[in-house]
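Asker: Using only what follows, build the 3D model:
(2 chains)
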Number of protein chains: 2
Amino acid sequence: MKPLLLLSTTLILATLTASAQNPNESKFDALLSAQNIGATIKELSAKPHYVSSVGSKEVAESILKKFKSYGWDAQLETYTVLFPYPKTRLLEMTSPEKYTALLKEPGLKEDGTSSQPDQLPSYNAWSADGDVSGELVFVNFGLPEDYEMLESLGIEVKGKIVIARYGRSWRGVKPKIAQEHGAIGCIIYSDPKEDGFYQGDVYPKGAFKNEYGVQRGSVMDMVIYPGDPLTPGIGAIGNAKRLDRKDATNLLKIPVLPISYHDAQPLLAKLGGPVAPEGWRGALPITYHIGPGAAKVRLKMESDWRMVPAYNVIAKIKGSQYPDQWIIRGNHHDAWVNGANDPISGIASMMEEAKAIGEMVKNGYQPKRTLVFAAWDGEEPSLMGSTEWVEDHKEELKQKAVVYINTDGSGRGFLGAGGSHGLESFMDAIAKDVKDPQTNVSVYERLKARQVATAGSDKAKKDNMARKNMTIGALGSGSDYSAFLQHAGIPSLNIGFGGEDEGGSYHSIYDSYDHYSRFGDPGFKYGVALAQTIGRTVLRMADADVLPFEFKNLHKTVSNYVTELQTLTDQMRESTTIQNEAIKGNNFKLAADPSEYFKEPVAKEEVPFINFSPLQNALRSLELSTARLSEKVAKIPAGSDQSALNKKLFQAEQTLLTTTGLPRRGWYKHTLYAPGFYTGYGVKTIPGVREAIEQRNWNEAQEQIEIVAGALTKLSAYLDGMVAGGR
Amino acid sequence: MKPLLLLSTTLILATLTASAQNPNESKFDALLSAQNIGATIKELSAKPHYVSSVGSKEVAESILKKFKSYGWDAQLETYTVLFPYPKTRLLEMTSPEKYTALLKEPGLKEDGTSSQPDQLPSYNAWSADGDVSGELVFVNFGLPEDYEMLESLGIEVKGKIVIARYGRSWRGVKPKIAQEHGAIGCIIYSDPKEDGFYQGDVYPKGAFKNEYGVQRGSVMDMVIYPGDPLTPGIGAIGNAKRLDRKDATNLLKIPVLPISYHDAQPLLAKLGGPVAPEGWRGALPITYHIGPGAAKVRLKMESDWRMVPAYNVIAKIKGSQYPDQWIIRGNHHDAWVNGANDPISGIASMMEEAKAIGEMVKNGYQPKRTLVFAAWDGEEPSLMGSTEWVEDHKEELKQKAVVYINTDGSGRGFLGAGGSHGLESFMDAIAKDVKDPQTNVSVYERLKARQVATAGSDKAKKDNMARKNMTIGALGSGSDYSAFLQHAGIPSLNIGFGGEDEGGSYHSIYDSYDHYSRFGDPGFKYGVALAQTIGRTVLRMADADVLPFEFKNLHKTVSNYVTELQTLTDQMRESTTIQNEAIKGNNFKLAADPSEYFKEPVAKEEVPFINFSPLQNALRSLELSTARLSEKVAKIPAGSDQSALNKKLFQAEQTLLTTTGLPRRGWYKHTLYAPGFYTGYGVKTIPGVREAIEQRNWNEAQEQIEIVAGALTKLSAYLDGMVAGGR
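Answerer: The predicted model follows:
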């Protein structure tokens, strides 16, 4: 998976005080080669290499060999995981006329790898096996609000097969919500509005998805838990205790299949029922209707549920001073097909970093802390390689892991960075020290310029100009940081470039070297910029006297979240009251067109006032504690051994975990960050409270406020302990 | 033309105190027949009947005969006007491949009149004659901001032929702006996004525009002056002094042609250059590019510039008590083709009203004031019939015209009412007295329910629920009220129903009885509702002891406009400062993708502070004057002869005219209402000031503030004169 780039990250204007160039970093930069990055991308994307494929093993071994040749201590760490290989895929419209979906992306002469054998057929991994027939209903993006719209039109999907378009939510959420509403099958298609000719010229003329392109991808319910579905919470080693597949709570019960817009159009064109509301209409040259009727379809899916090896490549350089403090940096290596962008563009930068550091070590450089570089397998189906590794080494990681720095597919454009907010000011400084290859200003400055130029209002433009520092986004899911951050409480960062790389190849056979070198990052200059960014992150973390955590930023960010939650509750209260009054006044009934589909909305329970004071009090304590700690850290003499303090610093994030985890998904233990239960990759901050409010579960919201306030108070006390505890 | 229905009209909740049913109105209602309205629509739309056609003369004569048969004193009033009949229409793409546009709407077996001979070919009346060839450039809707976007991309249209899509502005504004930017020709097409399959099923399956449908229409620059272009300001009677055609300042210099989306797609598909920005993309299954290149086209247009008769039908019933106080009610009768909706649906209600009133008169009813019912010719090309009639009778009308009540095409749905704000409370009372045929609540209540149900925010929903009275919109242009209101200062109203009638037939051969009876107003119940609404308007005006003007509403409305103007200026000032700062900070340059089209924006002159106090002072005086007048009127004993006061009341609006008119378009004399110079039909309120601000002409804005303040002060003094002047 490629993480959504965090381009909404807000920014802050600085008189750019680039720190005096660090000599190590200058050496590091000089060792990076765009040409080499391009060659690595070409090599590692030369064949299809999904987990368990021959190509995947070759890629893992090639990476292993490279690490070793760069002087790293590298090895494969293998887990045994469940992986469904698609055996049967059938979609046909049975009435009012017959149409059998092609389910096939054609090879193109302009794309050298697109006609290879051994491609993984287009499918959604973790679809249930099944053979279902029924009327088709178009559900737009398949979001909760889309089902509310259907409800307002009096349309049910129970016993029907739904067709949803890709976009707006993580794909796995679409069949999950469909299943909750009683659908018996789910088709997901790429509408040209979001992903095709509407966006730009299609491949191979342009970068965008042609009519046959299909987005593969996982539909495991990863917001329950990711990784191998049979071993939640523990490493999937050979003799691990495994669940029965039917007991895995993150697997769907209905069949799902992704299709191209070529295959979707004949089905959608035959739908009757109401014309889809404006926000539901895509770019196909048809009148979008919702159905049900006249289209009936049959969907048959069967997978070969194999137990397969997942090969993680783990490479280390032992720290000279603090060998038990690990700087971990990772990127997955498995792809749905060739994956030149996703994940190889990220891997290529990582290998370039590894080569440069290896070279520096040969020339006498000794990182103070241990470097751990990881190439994960099985990320695409469900973050398997990274999750199993974290679960397997959890206790050791909790003691040793200073930070986890993740990348994934990356391209031309603007810096996107998200992660633990204790590392926000650290990232800010790095963003100001890396040059944008196209404009020669810092990547911070360029990102800020974009935020100013594209601001949606005068106020936003003004605020963006006035900011002096970069802010980083919170992390949801969709790449390998999840287990580190959200399960184990390891401070994490996820970094990439993008926004000027043109899309359409994502998870298709066209995610190739030919596509990436034309549209992703021509000349591979952003591959270098990414290596420079991550290199600084790794080297500064490795060699810092005092680890660069600054919890004032965490406090400020969480304060903003709490304000958001209060505003959200107030708005819901106001909105509910007004809506109920409007319903009572018969307004919806009178306004409705009597000749159209309509069901009167139902009044909702009024929103009570919630007690936010536990959070507010905890935040005030945290504010004082973070200020005291910063004051203490500022006074530490340079070069002194701060081993104990540093361990306290990087373990601080763990105080934000709860033992029980989030309601109904205990694997997620972080009180501040989680993927959204109904959004998937999209983050929910303070998820326990926020989702309870969104779901109108007021008792749970109050309970979760106490829990989160407890975690913040624990962090506060922990920081106070550091201030009290000696030098 | 069909006026845009004023559905954004805001509303006000009332404890519905329907006035005790007026016995005349009960009689009137009982005489209305939906079946009869349907029959009239069928009869009068049976043949094509554009101005000067055989069909048009027959329609005029048929209307004349009906009036006479209903007992009205009716006659034809004929003007001699210029009318361009399309002689040559040619559009072809000459490279990169040849395509010759069809320019032809096919007849359909499902539409009984669609295959008739004598249809007016699809064209834009008042296109210049010309034969031009050049590169094509797509200009989106052809609005001023679209040209700003082109500028930001570094694309010029000078020497090019532009293609714009219908929508967002009045069509005539599109070639005008293109011409201002140096384009040599203009094509206007119906994109399926606004007007075709994107909106709903296409004709004949559904109501919406099929791929061959073309919207005819005028492209005269009517915001300079409407009517016969050779006789601005005077009636186009036989021996009137006429301009040379080349001296008519409201005629274009470049050829223009409207086309279907079938004809547009091959051209648009061949455009290169940048991909059109998101807001520019329509619903055709292509990647929208802007050009120029590769498409080159040839556009040839030639009209036969004929002098033709325009037949107005004028019917009167003399007032028993105040024969020199005229209640005028009109609707045009000419159509682009068959025009079942536009204009015949409005004419059919008008004839039903005339029949009912005629019947009442036969049974002894005597209106106190004179009723003048008018069926106008030549509205479609340029409001010719009404404009020439007003110009011809201007002095008499200024003495006698109490009100002009207009309708045009109308359909199923919600009341839309706009006009002089001195008549707002009058319309409010009527809207509360007419029943909606589908829900049986008043048309006011249903409109209010819709405004609540579709409100864009909680605040708007709440405000809409809290309102107790209907507000009416301001009038721009697009139907026959323009000369009355904006040239002669006659208080005017424009009324219709719509919002549930489905579109796509507008100005095409498919605006037929078959289309209208299926999609416009099945059962013709809203034809009856329209007649009931207008009937009440006419009868109450005709028989009122004191004419129902209430200038407190005018004061309140104008106060809101002035607040808007101040906010607009403040926002522009803030926005300019911030934008200039963003430019100075290099943000746009740094944010731009170096591989894409881009031209750095240029800083604009800062917005000065403007002196709004003349308007504020004038408004305060007006507030006091209107209160005093209302107080006086409230004390008038019922049944007393208020002939002099009434004349003062209906002439009050004339104090809001200026003798010089608006800058650069002196025909428009009203200081409060005008069609927008760059929007066309769309109204600009306080146009002199508002457009000067929008065009950043600060000196003119200040001058116009003085002028408008002067007019308001004159009205204030005039009202004070009425208060002082006797009983």
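Asker: Only alpha carbons, please: show stretch A:565-579 as PDB.
Answerer: What follows is stretch A:565-579, C-alpha atoms only, in PDB (Å, rounded to 0.1, in the frame of the first residue of the first chain):
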ATOM      1  CA  LEU A 565     -13.900  17.200  19.900                       C
ATOM      2  CA  GLN A 566     -15.700  19.900  21.900                       C
ATOM      3  CA  THR A 567     -16.600  21.800  18.700                       C
ATOM      4  CA  LEU A 568     -17.800  18.500  17.100                       C
ATOM      5  CA  THR A 569     -20.100  17.700  20.000                       C
ATOM      6  CA  ASP A 570     -21.500  21.200  20.100                       C
ATOM      7  CA  GLN A 571     -22.100  21.200  16.400                       C
ATOM      8  CA  MET A 572     -23.800  17.900  16.600                       C
ATOM      9  CA  ARG A 573     -26.000  19.100  19.400                       C
ATOM     10  CA  GLU A 574     -27.000  22.300  17.500                       C
ATOM     11  CA  SER A 575     -27.500  20.400  14.300                       C
ATOM     12  CA  THR A 576     -29.600  17.700  15.900                       C
ATOM     13  CA  THR A 577     -31.800  20.200  17.600                       C
ATOM     14  CA  ILE A 578     -32.400  22.100  14.400                       C
ATOM     15  CA  GLN A 579     -32.900  19.000  12.300                       C
END
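Asker: Give me the buried stretch members for that stretch, please.
Answerer: Residues of stretch A:565-579 classed as buried: A:Leu565, A:Thr569, A:Met572, A:Ser575, A:Thr576, A:Ile578, A:Gln579 (neighbour count, 16 or more other C-beta atoms under 10 Å in any protein chain shown). Glycine gets a C-beta too; all of them are placed from N, C-alpha and C.
Asker: restrict these to those near chain B?
Answerer: When contact is defined as C-beta under 8 Å from any C-beta of the partner chain, those meet chain B at A:Ser575, A:Ile578, A:Gln579.
Asker: Would you report the backbone torsion angles of the residue nearest to A:Val173 when sequence neighbours are not counted?
Answerer: Once flanking residues are discounted, A:Val173 sits nearest to A:Gly680: 4.4 Å by C-beta to C-beta, 6 or more residues apart in numbering or on different chains. Main-chain dihedrals, A:Gly680, degrees, to the nearest 10: phi 80, psi -120.
Asker: Kindly report the residues of the stretch 501-650 of chain A close to chain B.
Answerer: A:571, A:574-575, A:578-579, A:581-582, A:585-595.
Asker: now these: which count as buried?
Answerer: In these, burial by neighbour count holds for A:Ser575, A:Ile578, A:Gln579, A:Ala582, A:Gly585, A:Asn586, A:Asn587, A:Phe588, A:Leu590, A:Ala591, A:Ala592, counting by 16+ other C-beta under 10 Å.
Asker: could I get those as a markdown table with distance to A:Tyr261, pLDDT and secondary structure?
Answerer: As requested, these are arranged in a markdown table below (distance: C-beta to C-beta, whole Å; pLDDT from 0 to 100; DSSP: H, G, I helix; E, B strand; the rest coil):
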| residue | distance to A:Tyr261 | pLDDT | secondary structure |
| --- | --- | --- | --- |
| A:Ser575 | 36 | 97 | helix |
| A:Ile578 | 40 | 98 | helix |
| A:Gln579 | 36 | 97 | helix |
| A:Ala582 | 38 | 97 | helix |
| A:Gly585 | 43 | 97 | coil |
| A:Asn586 | 42 | 97 | coil |
| A:Asn587 | 39 | 97 | helix |
| A:Phe588 | 35 | 97 | helix |
| A:Leu590 | 39 | 97 | helix |
| A:Ala591 | 35 | 97 | helix |
| A:Ala592 | 33 | 96 | coil |
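Asker: Pipe the residues you listed into a markdown table and attach distance to A:Ile259 per row.
Answerer: Formatted as a markdown table, these follow (distance: C-beta to C-beta, whole Å):
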| residue | distance to A:Ile259 |
| --- | --- |
| A:Ser575 | 37 |
| A:Ile578 | 41 |
| A:Gln579 | 37 |
| A:Ala582 | 40 |
| A:Gly585 | 45 |
| A:Asn586 | 43 |
| A:Asn587 | 40 |
| A:Phe588 | 36 |
| A:Leu590 | 41 |
| A:Ala591 | 37 |
| A:Ala592 | 34 |
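Asker: What sits closest to the closest residue to chain B within the stretch 301-450 of chain A if chain neighbours are left out?
Answerer: Minimum separation of the stretch 301-450 of chain A from chain B (C-beta to the nearest C-beta) falls at A:Ala449, amounting to 3.6 Å. The shortest distance from A:Ala449 to any non-neighbouring residue, by C-beta to C-beta, 6+ apart, is to B:Leu590 (3.6 Å).
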